[in-house]
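[1] The sequence isn't on hand, but the structure is:
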């Protein structure tokens with residue numbers, strides 16, 4: 001586990017797996033992590049892959065280093081199942097897929113939340129016409145960029161909604177001042193809103209969410225007062 005192991009390290013143990021080796025990139029956490037898992041620390045992902053007792057390699061990373069690690073695993077000849085997104089740009093992911101294909105490796109990217117038993121049960125209830133209420137709150141640590149947060153964290157929430165309740169028709173942000181701040185800080189907004197529908201998705205992080213989810217999202221503000229488009233008219 002590289003980067004976010006504190007939250008995910010206990011999960012394999014709950015399933016009966018045994019940790020044999022672990023990469024701990026932050027030296028101050030080395031002792032606590034190895035004591036908690038009983039695993040032998042190694043310096044690199046390559047050290048885990050060649051460990052004689054290893055049967056599977058689990059990679060949990062922040063987006064900034066994910067592509068580098070996945071690329072290294074491809075070079076080592078390791079089959080992959082990666083959490084979506086595997087990279088922050090389509091060109092990066094395409095290059096990774098091409099390398100895996102040329103090596104004859106299986107490389108797949110998916111959404112982890114769809115695999116959780118609790119969410120699968122919720123989906124059964126929703127599809128059986130039962131009454132369902134959804135409430136949740138995501139808390140994450142500091143990200144290097146707002147765009148990184150959108151493409152790595154928010155994308156999973158949107159996919160989960162689609163998995164549970166069906167396709168997404170409209171993505172709207174109800175606090176415009178936060179959206180302005182987000183897009184401006186990320187260099188993704190020039191300070192003016194356009195009235196034409198769907199055009200803005202091509203140039204913002206929300207458009208990248210759309211691409212990652214492979215669905216159509218309409219981000220359609222009329223102006224900075226918080227109104228958005230429903231059909232051909234502006235509503236609060």
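    That came in fine, so what should we check first? Predicted model, so just to flag it, every value in this text is computed and none were measured.

[2] pretty sure residue 74 contacts residue 96?
    Yes - look at residue 74 against residue 96 with C-beta atoms under 8 Å: they come within range, at 6.7 Å. Where C-beta positions appear, they are placed from N, C-alpha and C, glycine not excepted.

[3] any residues in contact with both of those two?
    residue 107 (C-beta atoms under 8 Å, 6 or more residues apart in numbering).

[4] What are the boundaries of the strands in this structure?
    21-23, 40-42, 80-83, 107-110, 228-230, 233-235 (DSSP state E).

[5] wait, which of these is closest to residue 122?
    Residue 122 lies closest to strand 107-110 among those, at 18.3 Å (C-beta to C-beta).

[6] Point out where the chain drops to low pLDDT.
    For the chain, the stretches with pLDDT under 70 are 1-8, 25, 54-60, 63, 84-85, 88, 130-154, 167-236.

[7] domains for the protein, by residue range?
    Domains of the chain are assigned by automatic domain parsing as 5-112, 115-235.

[8] wouldn't residue 45 be in contact with residue 71 here?
    No - using C-beta under 8 Å, residue 45 is not in contact with residue 71, being 10.5 Å away.

[9] returning to that earlier point: burial-wise, tell me which of the strands of the chain comes out on top.
    Of all the strands of the chain, strand 21-23 has the most neighbours on average by mean count of other C-beta atoms under 10 Å, namely a mean of 21.

[10] Adjacent strands (with direction) for that strand?
    strand 40-42 (parallel) (DSSP bridges).

[11] Next, the residues that contact the strand it pairs with from outside, please.
    20, 21, 22, 23, 24, 30, 33, 34, 48, 51.

[12] Next, the distance between the ends of stretch 36-53.
    Using C-alpha to C-alpha, to the nearest Å, the end-to-end distance of stretch 36-53 comes out at 19 Å.

[13] What residues sit buried inside that stretch?
    Neighbour counts using 16 or more other C-beta atoms under 10 Å place 36, 37, 39, 42, 45, 48, 49 of stretch 36-53 among the buried residues.

[14] ok, the second one to residue 70 distance?
    What it means is residue 37. Distance of residue 37 to residue 70, computed by C-beta to C-beta, to the nearest Å: 23 Å.
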